Each structure stands twice: as structure tokens, then as C-alpha cells.
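Novice: Output the structure for:
(2 chains)
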Protein chains: 2
Amino acid sequence: MPALRAVGAGKAAMWPVLVARSVVSSRGFSSAGAVRMAAVKSFHKDEPQAPILKTQSIPGPESTKRIKELQDVFETRSLNMIADYTKSVGNYIADPDGNLLLDVYAQIASIPVGYNNPALAKVAQTPEMVDAIINRPALGNFPSHTWASILKSGILKYAPKGLDNVYTAMAGSDANEIAYKAAFMYRRQLERGGPDVDFTPEELESAMRNEAPGSPNLSIMSFKQSFHGRLFGSLSTTRSKPIHKIDIPAFDWPQATFPQLKYPLDQHAEENAKAEQASIDEVEHLIKTWRVPPAAVIVEPVQSEGGDNHASPSFFQKLRAVTKKHGVLLIADEVQTGLGATGKFWAHEHWNLQDPPDIVTFSKKAQTAGYYFRSKDMRPNKPYRQFNTWMGDPAKALLFRGIVDEIERLDLVNHTAKVGDYLYGKIEALAQKYPGHFQNLRGKGQGTFIAFDNPKRDEFLAKAKTFGVNIGGSGASAVRLRPMLIFQEHHADILIEALEKIVKAL
Amino acid sequence: MPALRAVGAGKAAMWPVLVARSVVSSRGFSSAGAVRMAAVKSFHKDEPQAPILKTQSIPGPESTKRIKELQDVFETRSLNMIADYTKSVGNYIADPDGNLLLDVYAQIASIPVGYNNPALAKVAQTPEMVDAIINRPALGNFPSHTWASILKSGILKYAPKGLDNVYTAMAGSDANEIAYKAAFMYRRQLERGGPDVDFTPEELESAMRNEAPGSPNLSIMSFKQSFHGRLFGSLSTTRSKPIHKIDIPAFDWPQATFPQLKYPLDQHAEENAKAEQASIDEVEHLIKTWRVPPAAVIVEPVQSEGGDNHASPSFFQKLRAVTKKHGVLLIADEVQTGLGATGKFWAHEHWNLQDPPDIVTFSKKAQTAGYYFRSKDMRPNKPYRQFNTWMGDPAKALLFRGIVDEIERLDLVNHTAKVGDYLYGKIEALAQKYPGHFQNLRGKGQGTFIAFDNPKRDEFLAKAKTFGVNIGGSGASAVRLRPMLIFQEHHADILIEALEKIVKAL
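Specialist: I've put the predicted structure just below:
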């Protein structure tokens, strides 16, 4: 077990190093991995060779004690596992009992480059970070003299092609909501006749009463099974599960059917194409007829919380075309798909669009949030329209810069594309062996953004821990894999071994 | 000028120290302060004795260069001043030209204990902080084994009386929105018959269509001139200015008139009491008749963005009574008023309520956000109803703990009450001398939470910089003072001297 606690600076140069693989636990892991390859390069030198299981079940006694302590002061009914981050390392999450699980859930897909990444630890200890933490500015009013350079070398460095402007935010939900606000302002500005046409007294006055025309009857269209957040505007576009939405007032906004593709895709090409066309037709119909006209359509490149539902590049190209045709903006919600996990930095690069989406939102692996947008003309026409006290956080922007540097240094996007292919092939083989347990395998050519359905999904996820792996679910029956970008072939081998054990035990 | 850059650890013990006061600038500052008191205790030993003005105007040449660089990549139309935080110190904000202004705006009331506070710098450099920054958890699923203790020693340490439960968030807007969600869930649960009564199939299904009964026709009532944030739910309750609301779809939620008190309060007791009663009557009328019934009323202890509008403890007592009578929750929005600036840790302590508000939201000086709530029965009845990926941020929670420790160590709440009285008295004297320039002085007995109206407000604020002070406005004509909690009598003297110079120059 690694002695790693708060990781000191200066370790970055030690990645990657050679790590001999061998069996470290008598429970659950054979020496198969070691047989397959005597030694593999690991990005994190302090990672164990395999998961370590110290207690008969999880939570063990120490975790149970900590959970009891926590439930008096915080929400623990959604608790999955109590963690000890000081002992977590690379792809492995630790708990207070000394268990160390291979983590392919990664804080709901939000840990980019491994626990206790030494390069990020270095960033976290710079005087620049200390300054950002203790002197948090109101960025719209009092940005620091270094803010431009922080943005350019970080958040804007891999801005989606064609979208070189950004508003920064705090998390995925508010990033989507400020994107919606931008879409509404843009739409009303067009209707009004341009940026120089002033608001009418009636608009100004009715807005204060939450009534049209000042508060316009406009909507954001989303897709069934989509997830875009849980604040009031974003939740109105979220269509994942009733438990996310029930009892919360919502806007009368339209939802279109997301194509329900059949897998494997190549065996169902014709009916899938039909489903996609039907979805596009419905989008167009709703744009033309919905009682509250949409200013934008928001779509995830892969519907993630909704069960890892994919669509083809052709679908997204048609979606771009139909939105453009009707003057409706297209927002790509890359909160979960962004930053490399699909084998491209941005998942919408897979779409091969001529015209990019108008807006791309990001969060999770970025450790901060915001939206990129197409051009300066999509900026609100006056100051203080897209504004709040903090407008993001320089400390998180510095962290994002560190993440981008690490992605670059280790070529993690290409790496993830390759490892994803490797992993997909292995699961495909498992699916042939256990077809009932690996249904609708999906995510081919999408990096490690892979999922499958299992009829006993919840039991599957619980069992995974007893074999040393932390896995998440989504939708009704999907097992979704969300490894970090430093997930490697030898981790895939461990995962595959565990997956087989899990289904054998179900 | 202080040589302070990124502040090292270990300086905390040096606060407070004796600082000789003398004149350091030939522009704008007389030796009056030095005459009044030869030496005063300053909380921050590196603070200058007075503002330092290096350039003829602000922005100076270096700032102008930085602003130009920034405007290509970020919103600068709302820019007030570009700052150099590495050189800012205590109550003083620096710019890249070497100007150092007494800052009584403090990042829109969000810097609690001074720029480059050494104790916070120490917190920012702990291994615990590094861990929190680089291993950010999904708190609802994978909280760390230290999360309970971080909450108890920080966010929960000064929880409002009677409200010992908390959900954590990211900023004021989403803190308010999750509070609204809690209010809606609570209301529907009562209507449904308790936490054990299950949702009906109709509710589950209609929620997915954003329709009642699943997405209920319920509202949050707020007050005219209030500010509660800019996301879709919070913006529907915000009633400050059209520029905040225009073009954004809003819920059909009710607004009541906030009493428009006349100042000084003791000279208008009778008509103010009438205005307050009229407001309470309107609240009750709207509760009984509004077409979308309110589940909660949200109110700021002092309407801050809306122009520093105060109401009496009696008003708030009646508001508590009328909401309780009708089974409507009362939410105190302490985003701007919380953490000591009014001379109480929470401004609603001034209300002397028998029953506390049901929910209190916080952010800004807390450097994190969330809502405190009355009792466990106000928790949603099932997990994953109040949930998102991050649910707050342990790094910011550690910072809040550091802030609370500093408030405690320096007794800053009592300190601010006293300094506020001192400052109020001085401005009262100015108001007698220049009645046209210091109209409707307000905030007596409310710590440093002081404001007045000036007919040339925007010019007033611009002029302030030329006399070495950074001041903010609110509402239509208010000059609002929002010094940090480490603002002291000698800072008040500097401010008073500047205020007089400003009005003389107007």
C-alpha cells in the first residue's frame, strides 16, 4: 500500500516509471495480469499493482464509524463509499479501512489525471494558487492583472475550434444556465433588430414583473433522457429521472426524442438511421410548433446520466443543419464528455461539423466550468447582463491549466483513444462469453466512454467493490465506465478480470 | 508600499501590531489622522498608513495595458479596476501601477478578513488544502473521512441558532435555488401527507413533462428591489434592476412591496411602522390569493443590491408570524449580510425572533455557499433529490474554517459592531455639514453595513478613486459601504476624510 499522503511537489518528472506487476492481495486477484506482462509503464509510480482489499466487506469498521459521524451533519443517504483521499493514488481510491479500489467512476467522471497527481500537487502549492485562494476576486469588476494570461494558457488553450470566447462559471448546472441566458439574449436581440436597438419601456417594466415581453416566452429544447443539471432552468431541460425533477416547478419547455439506437451499431444501421431521422424530424416539428419557441437546442454528445445513449455523427450534423435553418442555437453540453475521455479533447469533434455548435459548456474534469461561444456578437450587448459576484474562480482556473498541461505532457487524449479501443475489445470478448450480462455494449471508438446494460445492474455495482473495483451506473440499467485519462491497459486488464468475476458471482 | 507578495505562513501571530501612522502620499491626504492619534493598532502589519496614489488617474498606463490584453478574452465592460492581488494587503487593494486604495467595496462584500491575510495564507498551504484541491470529491457519493470534522469545525461552527443542518453549494445563486427546491419538496410532502407517502404514477410521469402535479404550480415570494441571484429560479425572485432580468424567461412568482422607510428612522417612526404593516398585509394577501401559491418567502435582512433598504426587527417578527400562520417557509438570504458585517454574525440575529427562519442561505464572505435549515424533517424524504456532482467544495470549506478562526481570534464581529458605530457617527456629522450629499443615511447599529444616497452617485464613486478609496454603489443612488471585518477606526478616519474631499469636489 502506498505511503503517499499529501503529495509533495517535484514528483511530476517521475511519471511515467516502470512498475513491476504482481499480486498483492490474496482476495480476488489472480496472477493473470503478471503473467500477461511482467512489467508495465504506469503513469503514477505509487500505484499498487492491483486493488487491495483489507476488509471482508465495504464499508469496513473504520468506514462505518466515519459514516455514522457524518450522518449527523451531512447528507449520507446517497453515500456510495467514504474515501480517504490522502491515501488514494492515481487510478485507485482508498477508504479509511485501507481498501484500495481501482476507480473507474472517478467522482462521477470528474477526476481527470488521477488522485494525488504530483503535477497538480505542485500547482496547488504555488504562490499563485495561494494568492488565488485567499484573494478571490469579483472577476467582472476587479480581475487581476494575470487573469488574461491564466485564461489564455489554461481554459482557452484547447477551446473548441471556432469558439474562442468564454464566460466562466462554477459547475455544470450554472454553466448551462448562463449559456441559456446567452441564447435568450441573442434571440431577443435578433428579434429586436440588433445590439444597438434599446429595450422598450414596456420590456423593462414587464421584466420586473416576470412577464412578457421583458421576460419572454422562449424555451430551450432538450432531449428525453438528457441531463443538464438541477437548478431551475437546467432542471427544466433535464429529462433523466423523476427523482431529479419531482416537486420542482419547471418551465413549459419542449423535449424531443433522442434516437434509441440498437447495438452493435453496424448490425442495425438501417433502423438506427431511421430512428435518428425521426428524431431530427421531431426536433424540426417542435421548433416550428411548440407553444414556447426554442431559442436553443441543448444536446450531450453522449447522454451520460441518461444511460450512455449514443448517436451518430450524421445525427449531429443534421441537428446542426436543422437548428441553423431555423435560427435556433445549438449548445453542446460537454460537462461529462469534455477533456479527452471519448478519445477527442471535445466529444463533439467526433461529429465532423462544418459549422461548430454555437456554444459548448464544460465542467467536471475541467474542475471549473463555463461556456465557450462562437463569436463576440453572441456576447450580451451591454455589461452586467452576464454577471455575478465571482463569475468563476481563478484558483480553479489555475488547476484547469495544470490539468491541461498534464494532458499535453502525457498525450492523454490519444492515449485514452488507444486504451479505449483496447478496453472495448476486451469487453466485447466478455460480451460474447456472457451475452446476458453485457448487453448493448456501446462506446466503440469513443475512448474509454464505454457502457453496457446489465439486468441486475445495482447488484453488479455493489459486487464490483468486493472484487476491488469502483464502478458507477447510469440510466435504468447501464454500467458506465468513466476511468480517468491516466487509465492504462494494465488497469483495463484488472477491470476485465473483475468484470468477469462479478458476472460469475451474480 | 508593502513588499508583500504571496504571503508566507507563520505571520498570523503578528496580528495585531502597532503601526505608526503618518502621511505617505502628497496627494489627497493630510496629516489629520496622524494628529488625531499618534499610533494605532492595525490588524495587518504590512498595511500602508494611508492610500498610495502613483498615477494621475486610474487606470494608469500599466493597468490600461492589462485591460487591453484582457478584453480580447474576457468580459471587461463591467470592469471597475484591474487589480494586483499579490500587492494588495489588508484593507488595501493594489493595481499594477502601484496605486493602493482603501477598499470599502471588498469584491462586492466578499473579502472577509483582508487581502493576503497571513492566517488564510497558512491555511492555503496546508497539506489538507492541497489534498482538497487536487482530489475534489463528489460529496454526496464519496465524502472524505474528514468531511464531518471539516463541517463541524467550520461551516457548522456558527450555524444560525436553531438551524444545525446544512447543504453545501458553490455560490449565492445556487445556494438560494437549492433552498427553494427544499421549500418546494417540503411543501409537497406536507400536501402529500408526510415523508412516507409515495409519489403517484401521475406525479412521476407529469414531472418528466415539466407539468403539474409532478412539476407543481408553486412559487417563491420575494420583495421588490430584492436580489437573490441570476440563475433561472433565483432570477425569478430577483427584482432589483431590469438589466438583471431582461430577455430571460421567468416564473410567474409573486413580489411584495418592501417597506420604503424614511431616515432617520427615529424621526419617522409612525409612518415607517405604517409602511411596514402595509407590506406585511400585502404579503398575507399574496399568500392567500396569488395564482401560483408560495411555498416560501425569501427576504434579505438588508436589501443590498437593491439600494441598502432596511426594515425594523418588528417587520421581520411579523413576517415570521404571517409565514408561520400560513404554513409558508421563511428563507433569510444572508449571502451579503452574513458573517459579521452588521455587527452580528448573522444579520437576522437583529430580528430577535422566537422562531428562527426555516432556512438561512450564505455565501460571499464565507467564500463558499449553502443553506442552513431548521430540522432533519426539512430534508428531502429520499436521497438524490438534493444532489449534484460536487455539492460544494472541501477546499472552500477549509477556507471558511480559516475565516471563522480568524473572526474568532480577533473577535471581529464585536469589533465590527464598534467600528460601525464609530463610522456611522462620523458620517452623521458629515451629513449635517453636507446634507445634500449624504441623504438617507442608514445602517445605524448595523455594524459597518452603512449606506447613504448621493444625487451624483456614479460621479461620486469615480471620484472616490482619485482620493484613494474604492467604494461601491447599489440601487439607483446609494453609496454602499462594505468594508472588510478588519476595518478599523483609523481606516474610518481615512474614509471620512476622503468622503469629505469627494463631495467638495463634486
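Novice: List the contacts of residue A:335.
Specialist: A:172, A:175-176, A:228-229, A:300, A:361-364, A:369 (Cβ atoms under 8 Å, 6 or more residues apart in numbering or on different chains). Glycine gets a C-beta too; all of them are placed from N, C-alpha and C.
Novice: go on, residue A:261?
Specialist: By Cβ under 8 Å, 6+ apart, the residues touching residue A:261 are A:268, A:272, A:275-276, A:309-312, A:442.
Novice: swap the cut-off to 6 Å and go again
Specialist: The contact partners of residue A:261, by Cβ atoms under 6 Å, 6 or more residues apart in numbering or on different chains, come to residue A:272.
Novice: I'd like the distance from it to chain B, if you could.
Specialist: From residue A:261 over to chain B the distance is 21 Å, taken as Cβ to the nearest Cβ, to the nearest Å.
Novice: Thought residue A:357 was touching residue A:332, still the case?
Specialist: Yes: Residue A:332 is within contact range of residue A:357, at 4.1 Å (criterion: Cβ atoms under 6 Å).
Novice: Could you chop chain A up by domain?
Specialist: A:46-84, A:120-410, A:412-481+A:488-505 (the TED database).
Novice: can you list those domains in CSV and add mean pLDDT?
Specialist: Listed next are those as CSV, based on pLDDT from 0 to 100:
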stretch, mean pLDDT
domain A:46-84, 96
domain A:120-410, 97
domain A:412-481+A:488-505, 98
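Novice: would CSV of the ones you listed with distance to residue B:55 be doable?
Specialist: CSV is the format used below for those (distance: least, Cβ to Cβ, whole Å):
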stretch, distance to residue B:55
domain A:46-84, 49
domain A:120-410, 14
domain A:412-481+A:488-505, 45
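Novice: which stretch among those comes nearest residue B:481?
Specialist: Distance to residue B:481, taken as Cβ to Cβ, is lowest for domain A:120-410 among the domains of chain A, at 16.2 Å.
Novice: Residue A:199 sits in which helix or strand?
Specialist: For residue A:199, there is no enclosing helix or strand under DSSP states H and E.
Novice: Who's the closest spatial neighbour of it, skipping the chain neighbours?
Specialist: Distance criterion Cβ to Cβ, 6 or more residues apart in numbering or on different chains; nearest residue to residue A:199, sequence neighbours excluded, is residue B:246 at 5.7 Å.
Novice: Contacts only, for that neighbour.
Specialist: A:199, A:207, A:214.
Novice: Now, of these, which are buried?
Specialist: Neighbour counting with 16 or more other Cβ atoms under 10 Å in any protein chain shown marks A:199, A:207, A:214 as buried within the contacts of residue B:246.
Novice: any idea how far the first one is from residue A:376?
Specialist: Same thing as residue A:199. Taking Cβ to Cβ, to the nearest Å as the measure, residue A:199 and residue A:376 are separated by 21 Å.
Novice: Can you verify my assumption that residue A:422 contacts residue A:489?
Specialist: Yes: at 5.3 Å, residue A:422 and residue A:489 qualify as touching, with contact defined as Cβ under 6 Å.
Novice: count of neighbours near residue A:354?
Specialist: 9 (other Cβ atoms under 10 Å in any protein chain shown).
Novice: Now do the phi/psi pair for it.
Specialist: Dihedral angles of residue A:354 (phi, psi; degrees, to the nearest 10) stand at phi -70, psi -50.
Novice: Would you mind listing what in the stretch 251-400 of chain A touches chain B?
Specialist: Contact residues, the stretch 251-400 of chain A versus chain B (Cβ under 6 Å from any Cβ of the partner chain): A:383-384, A:387-390.
Novice: For these, give me a markdown table that also has secondary structure, neighbour count and distance to residue B:138.
Specialist: Formatted as a markdown table, these follow (DSSP: H, G, I helix; E, B strand; the rest coil; neighbours: other Cβ atoms under 10 Å in any protein chain shown; distance: Cβ to Cβ, whole Å):
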| residue | secondary structure | neighbour count | distance to residue B:138 |
| --- | --- | --- | --- |
| A:383 | coil | 16 | 35 |
| A:384 | coil | 16 | 33 |
| A:387 | coil | 20 | 29 |
| A:388 | coil | 23 | 24 |
| A:389 | coil | 24 | 25 |
| A:390 | coil | 25 | 21 |
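Novice: ok, so of the residues you listed, who is nearest chain B?
Specialist: Nearest to chain B among these, counting by Cβ to the nearest Cβ, is residue A:383 at 3.5 Å.
Novice: Can you report how many residues lie near the residue lying closest to the closest one once chain neighbours are set aside?
Specialist: With Cβ to Cβ, 6+ apart as the criterion, residue A:383 has its nearest non-adjacent residue at 3.5 Å, and that residue is residue B:77. A count of neighbours around residue B:77, defined by other Cβ under 10 Å, yields 14.
Novice: And the one 4 residues further on, by the same measure?
Specialist: When neighbours are counted by other Cβ under 10 Å, residue B:81 registers 19.
Novice: Confirm that it sits in a helix.
Specialist: No: per DSSP: H, G, I helix; E, B strand; the rest coil, residue B:81 lies outside any helix segment and is coil.
Novice: what's near enough to touch it?
Specialist: Residues near residue B:81 by Cβ under 6 Å, 6+ apart: residue A:142.
Novice: Can you pull the phi/psi pair for it?
Specialist: When read as degrees, to the nearest 10, the backbone of residue B:81 gives phi -170, psi 140.
Novice: Just the element for the most centrally placed residue in chain A, please.
Specialist: Most central in chain A under Cα atoms, centre = their mean is residue A:336, positioned 1.5 Å from the mean C-alpha point. In this structure, residue A:336 sits in neither a helix nor a strand according to DSSP H and E.
Novice: Contacts only, for it.
Specialist: Each residue near residue A:336 by Cβ under 6 Å, 6+ apart is listed here: A:109, A:304, A:364.
Novice: returning to what we had before: what's the closest of the buried ones among the contacts of residue B:246 to chain B?
Specialist: residue A:207 (4.4 Å).
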